[in-house]
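J.: here's a sequence, model it:
(chains A and B)
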Amino acid sequence: MQLRTEKIETDFLVIGGGTAGCWAALTFCGARSGRVLIVEKADIRRSGCLAAGVNALNAYIGRGKSPQDYVDYARVDAAGIVRGDLLLTMAERLNGVTGALEGIGLTILKNNDGSYAQRGWRNVKINGENIKPLLADAVRKQAGITVMNRVNVFAYIVKNNRICGAYAVSIDAPVLYVLSAKATLVATGGAAGLYRPNNPGFSRHKMWYSPFNTGAGLAMGIRAGAEMTTLEMRFIALRCKDTIAPTGTLAQGAGARQINARGEMYEDTYGITTSARVYGTLCENAEGRGPCYLKTVGVAQEQDMELQKAYLNMAPSQTLRWVESGRPPSAENVPIAGTEPYISGGHTAGGYHVSTKRETTVKGLFAAGDVAGGCPQKYVTGALAEGEIAALAATAYMGEHPGTATEAETEAIRAQLEGYLRRENGASADVPEEAMQSLMDEYAGGISRAYRYTEASLTVAEAKITALERQSELLAAGDMRQLVYILELRERLTLCRAVIAHLLARKETRWHSFAAHGDFPHKSGAWDCYVNSVYTNGAFKTFTRPLVTEGESYEH
Amino acid sequence: MSIELRGERCVGCGACAQICPGSLIRMRRGTAHMESPERCWGCAACVKACPTEAIALFLGEDMGGLGGRMTVRTQSACLYWRVRLPGGGETIIVTDSRDANKY
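T.: Numbering: from 1, shown residues only, chains lettered A, B, ... in the order given. Sure thing, here's the model as predicted:
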């Protein structure tokens, strides 16, 4: 199969049409004239981690609270390893973007006085089943925005550390796109699929995060030499077992507490930070007091229907489980489990090391949403807030076009891709993907190792991942979809190496489960700093940087 | 976790193939086919996009699925979620995009 090359030029290139990307595109158009191109590997109406919907906005500044309160909450949850400047600038925009979401049609529950009905002080209740279609409609109405659906971006074009655009391939047709732009936003989300999942068989993609978020943006940045931060702070979700559906709606919404097999509530023993909720469940199981549950027996039977509806708007599999078993929440406690680890800057702090304006260390390249580091607990509204900040900063780059790839560079990329398409006796991406997930599980702190690792185990993981990376050069693709699977596998392998380098570098255990170092099982004040990394000449260089507080403006 | 395509109900509109966030559904000879059922996330985007309830969500046996099948019919702002129960019979739950979740 031969690839046809097509060149496309724009002003502002948005890679990834999820919440952050769509919002950044809309913000750019609202701020100035210019062409915006959103490139999305699926269809922006249902792409990214909100494909199924979302049933609350988890980041909002409720009555009597301030953005600083949100910063304080996120800092405690992350045991201090956050960027104060990023959290505060995000928090200041949370309520504005919430109002704007309502403006494009999102249903938000209100009190009699017209104020939003809150769940706790930082959540508002919504019907977010249609949040992506609503965003897609808003994008469609903007004449300045062009959307390319089903086009997968896989490499940046960078000259002298200035981004000029990106390479992409069509999912459906043999086309290589050379995209050039004056400024670029990466909003590809975080990464799932690095570790062996809860149900590794037929239902292996029934996971917390979108299995189609493969860490593309992170891998592209790593390969381009962009500085990354805090990738060792993995995210592990506490979920309803098997369906891997959210627990927050039952826990915070319906007041269901975590209990062990003896019926004892164990949350107070371990604390209620995000990592402690996972760790507590892990300990109860390890010490023979499992399985663990959310205690839903006792909720009123009238609540059953409302809970089933709530889950249909974000995780229909859980409602299907309740209905097909005939055992609704009031009849049976919901078993809970920790997932495999993910990298997600929207929940924990791993991702691009960015300036306060969300510019990466590659000039003209901005990052927003789950791909951007230093700013955990951003959730949906925080991703929108970051999209706004990044898009407004990108408008400063609308002067000269920085150039594009040379013919020779494009030819080299094309030859590499056609190599996969022409190879007749190579394996598909499935086998090495399973091998990668198994070895990450075993040697880099997956579910089967209770999320723990040691320097010795990580060293084994590093060697095995590097070997897989070499083997993956010889895979074969029968069509464009399979070619994208190979590119995605290689993205994950690159990111696995980065995660291992970060886990090796932080010689302490600051967060239970998220980064549980067997050789250094305690927190140490010596590590009150960020672990950052840069990939050069085929190796990761890790180093520390001092903490940045709110009120500061951080530039590279 | 995956979907089942009921070919006899498929009208070949291609809406599911376009919307699947994993690009897992392909049109072949005017009918939708699930190419990689084990790669399905279970987001139900295709189930909602299908105009004829030809696509059903089910829970894999490896995650304790009992054989129920969930389809959706859309009517203006409402989604009618139909679950065909493993032992026969069905349950319908209606969600309205104008109603927020209570939890």
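J.: so where's chain B uncertain?
T.: Across chain B, the stretches falling below the confidence threshold (pLDDT under 70) are B:1.
J.: how about the strands in it?
T.: In order along the chain, chain B carries the following strands (DSSP state E): B:2-5, B:25-28, B:31-34, B:55-58, B:69-75, B:78-84, B:90-96.
J.: return the most buried member of these.
T.: Between the strands of chain B, the one whose residues have the most neighbours on average, counting mean count of other C-beta atoms under 10 Å in any protein chain shown, is strand B:55-58 (a mean of 25). From N, CA and C alone the C-beta is placed, and that goes for glycine too.
J.: what does that one contact?
T.: Defining contact as C-beta atoms under 8 Å, 6 or more residues apart in numbering or on different chains, one finds that strand B:55-58 is touched by A:316-317, A:320, B:1-6, B:16, B:32, B:42, B:44, B:46-47, B:65, B:67-71, B:84.
J.: could I get that strand in CSV with only the CA atoms?
T.: Output in CSV follows, covering the C-alpha atoms of strand B:55-58 (Å, rounded to 0.1, in the frame of the first residue of the first chain):
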residue,chain,number,x,y,z
ILE,B,55,-27.0,-2.5,18.3
ALA,B,56,-27.2,-3.9,21.8
LEU,B,57,-24.7,-3.5,24.7
PHE,B,58,-23.9,-6.5,26.8
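J.: could I get the contacting residues of the residue nearest the centre of chain B?
T.: The C-alpha lying nearest the average C-alpha coordinate of chain B belongs to residue B:47 (C-alpha atoms, centre = their mean; 2.6 Å). If a contact means C-beta under 8 Å, 6+ apart, then residue B:47 has A:316, B:3, B:55, B:56, B:57, B:70, B:71, B:72 as its contacts.
J.: quick check, nearest of these to residue A:133?
T.: Proximity of the contacts of residue B:47 to residue A:133 was ranked by C-beta to C-beta; the top entry is residue B:72 with 13.9 Å.
J.: does the closest one really touch residue B:83, like I thought?
T.: No. Proximity of residue B:72 to residue B:83 does not meet the contact threshold set by C-beta atoms under 8 Å, at 10.3 Å.
J.: list, one by one, the residues from the stretch 451-556 of chain A near chain B.
T.: By the rule C-beta under 8 Å from any C-beta of the partner chain, the part of the stretch 451-556 of chain A lying against chain B is residue A:481.
J.: pick out the residue in the stretch 451-556 of chain A sitting closest to chain B.
T.: Distances between the stretch 451-556 of chain A and chain B by C-beta to the nearest C-beta are smallest at residue A:481, namely 6.2 Å.
J.: test my guess that that residue contacts residue B:25.
T.: No. The pair residue A:481 and residue B:25 fails to qualify as a contact (C-beta under 8 Å) at a distance of 11.1 Å.
J.: overlap of the contact sets of the two?
T.: Shared contacts of residue A:481 and residue B:25, defined by C-beta under 8 Å, 6+ apart, comprise residue B:35.
J.: neighbours of residue B:87, just the number please.
T.: Residue crowding around residue B:87 was assessed by other C-beta atoms under 10 Å in any protein chain shown; the count is 9.
J.: hang on, residue A:125 in a helix?
T.: No. Inclusion of residue A:125 in a helix is not indicated when DSSP: H, G, I helix; E, B strand; the rest coil is applied; the result is strand.
J.: what sits against it?
T.: Residue A:125 touches A:55-56, A:108-109, A:116-119, A:253, B:100-103, counting by C-beta under 8 Å, 6+ apart.
J.: if you drop the residues flanking it in sequence, what lies closest to it?
T.: In space, residue A:125 comes closest to residue A:109 once its chain neighbours are excluded; the distance is 4.1 Å by C-beta to C-beta, 6 or more residues apart in numbering or on different chains.
J.: what's the neighbour count on the one you found?
T.: 18.
J.: can you give me the strands in the stretch 251-400 of chain A?
T.: Using DSSP state E, counting those that start in this stretch, the strands assigned to the stretch 251-400 of chain A run over residues A:258-259, A:293-294, A:334-338, A:351-352, A:365-367.
J.: could you report the pLDDT at residue A:119?
T.: According to the per-residue confidence, residue A:119 scores 87 in pLDDT.
J.: and of the strands of chain B, who's closest to residue A:29?
T.: Distances from residue A:29 to each of the strands of chain B were compared using C-beta to C-beta; the shortest belongs to strand B:69-75, at 29.6 Å.
J.: is any residue of that closest one near chain A?
T.: Yes. In this structure, strand B:69-75 sits against chain A according to C-beta under 8 Å from any C-beta; the contacting residues are residue B:70.
J.: compare the contacts of residue A:125 and tell me which has the most neighbours.
T.: For those, neighbours were counted by other C-beta under 10 Å; the highest total belongs to residue A:56, with 31 neighbours.
J.: now do the strands in the stretch 451-556 of chain A.
T.: A:452-453, A:516-517, A:529-536, A:539-546.
J.: a markdown table for the ones you listed, including mean neighbour count and mean pLDDT?
T.: Rendered in a markdown table, the data for these read as follows (neighbours: other C-beta atoms under 10 Å in any protein chain shown; pLDDT from 0 to 100):
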| stretch | mean neighbour count | mean pLDDT |
| --- | --- | --- |
| strand A:452-453 | 21 | 98 |
| strand A:516-517 | 22 | 98 |
| strand A:529-536 | 19 | 98 |
| strand A:539-546 | 13 | 98 |
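J.: to residue A:239, which of those lies closest?
T.: That would be strand A:516-517 among the strands of the stretch 451-556 of chain A, by C-beta to C-beta, at 18.8 Å.
J.: contact partners of that closest one?
T.: A:445, A:450, A:451, A:452, A:453, A:454, A:503, A:506, A:507, A:508, A:509.
J.: quick one: buried ones out of the residues you listed?
T.: Applying a neighbour-count criterion of 16 or more other C-beta atoms under 10 Å in any protein chain shown, the buried members of these are A:445, A:450, A:451, A:452, A:453, A:454, A:503, A:506, A:508, A:509.
J.: tell me the one of the residues you listed nearest residue A:17?
T.: Nearest to residue A:17 among those is residue A:503, at 31.4 Å by C-beta to C-beta.
J.: from residue A:556, how far out is residue A:352?
T.: 11 Å (C-beta to C-beta, to the nearest Å).
J.: so those two - more neighbours on which side?
T.: A count of neighbours by other C-beta under 10 Å puts residue A:352 above the other of residue A:352 and residue A:556, at 27 against 11.
J.: quick check: the more buried one touching residue A:368?
T.: No. The pair residue A:352 and residue A:368 fails to qualify as a contact (C-beta under 8 Å) at a distance of 9.4 Å.
J.: so what sits against both of the two?
T.: With C-beta under 8 Å, 6+ apart, residue A:352 and residue A:368 have common neighbours residue A:186.
J.: name the residues of stretch A:85-105 that come out as buried.
T.: Of the residues in stretch A:85-105, those buried by neighbour count under the rule 16+ other C-beta under 10 Å are A:85-95, A:97-98, A:100-101.
J.: ok, back up a step: turn the contacts of strand A:516-517 into CSV, columns for distance to residue A:47.
T.: Compiled in CSV, these are given as follows (distance: C-beta to C-beta, whole Å):
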residue, distance to residue A:47
A:445, 30
A:450, 34
A:451, 29
A:452, 34
A:453, 33
A:454, 38
A:503, 30
A:506, 33
A:507, 38
A:508, 37
A:509, 36
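J.: pull the most distant pair out of those.
T.: A:450 and A:507 (19.3 Å).
J.: distance of the residue of the stretch 51-200 of chain A found nearest chain B from residue A:72?
T.: Across the stretch 51-200 of chain A, the shortest distance to chain B (C-beta to the nearest C-beta) belongs to residue A:109, at 3.5 Å. Residue A:109 is 26 Å from residue A:72, where distance means C-beta to C-beta.
J.: quick one, longest helix in chain A?
T.: Here the longest helix in chain A is taken by residue count, with DSSP state H as the criterion, and it is helix A:480-505.
J.: so which elements touch that helix?
T.: If contacts are counted by 3 or more C-beta pairs under 8 Å, 6 or more residues apart in numbering or on different chains; DSSP states H and E, helix A:480-505 sits against strand A:151-159, strand A:162-170, helix A:216-223, helix A:407-422, helix A:430-443, helix A:455-471, strand A:529-536, strand A:539-546.
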